[in-house]
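Trainee: here's my sequence, what's the structure:
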Amino acid sequence: MQARIRVVVAKPGLDGHDRGAKVVARALRDAGMEVVYTGLHQTPEQVVETAIQEDADAIGLSILSGAHMTLFRRVLELLGEREATDIVVFGGGIIPEDDITELESLGVAKVFTPGATTASIIEWVRANVGSAVA
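Mentor: Numbering: from 1, shown residues only. The predicted structure is shown next:
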């Protein structure tokens, strides 16, 4: 039997818009994944600690505040410090194309922009996180 993919979905920073994160979390859960939704206003430290405690395979960050460069970078740094770089980091939000390229060079596996379907997110997670779990 294949292990279920475990994903922590988080809303780091001061951004209070969580509808998209909740929609993605529910879609991943309905697709058979184990999902931990951290709620609003999480620090990068809290997100990484949750991912490690929950033995997550991936962290999905939802960032609409404009602080994406700082927040993604900090999560990746903390994962490195905790020797947990096997946790795949992906996310979404209102992120300019130039920043997406830089985020990917930092180690963010995928950035979804507004208009991405839940089906495309599920498919990507299964293909890019699921293979690591299998």
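Trainee: please enumerate the strands of the chain.
Mentor: Along the chain, the segments classed as strands by DSSP state E run 6-10, 34-37, 58-63, 88-93, 110-112.
Trainee: closest one to residue 43 among those?
Mentor: Smallest distance to residue 43 across the strands of the chain (Cβ to Cβ): 9.7 Å, for strand 6-10. Every C-beta, even on glycine, is put in place using the N, C-alpha and C of the backbone.
Trainee: who does the closest one pair up with?
Mentor: strand 34-37 (parallel), strand 58-63 (parallel) (DSSP bridges).
Trainee: of all those, which one is nearest residue 103?
Mentor: Comparison of the strands paired with strand 6-10 against residue 103 by Cβ to Cβ identifies strand 58-63 as nearest, at 10.2 Å.
Trainee: quick one: the closest one to strand 88-93, angle?
Mentor: Here strand 58-63 points in a direction 20 degrees away from that of strand 88-93 (axes from the mean of the first three to the mean of the last three Cα atoms, to 10 degrees).
Trainee: so what touches strand 58-63?
Mentor: 5-13, 15, 18, 20-21, 24-25, 28, 47-48, 51, 71-72, 75, 87-93, 95, 125, 129 (Cβ atoms under 8 Å, 6 or more residues apart in numbering).
Trainee: gap between it and the chain center?
Mentor: Here the centre of strand 58-63 is set off from its chain's centre by 2 Å, with Cα atoms, centre = their mean, to the nearest Å.
Trainee: repeat that for stretch 72-87.
Mentor: Relative to the chain's own centre, stretch 72-87 is displaced by 12 Å; criterion: Cα atoms, centre = their mean.
Trainee: for the most centrally placed residue in the chain, which non-adjacent residue is spatially closest?
Mentor: In the chain, the centroid-proximal residue (Cα atoms, centre = their mean) is residue 60; its distance is 1.1 Å. Among residues not flanking residue 60 along the chain, residue 9 sits closest, at 4.7 Å (Cβ to Cβ, 6 or more residues apart in numbering).
Trainee: ditto for residue 84
Mentor: residue 52 (5.6 Å).
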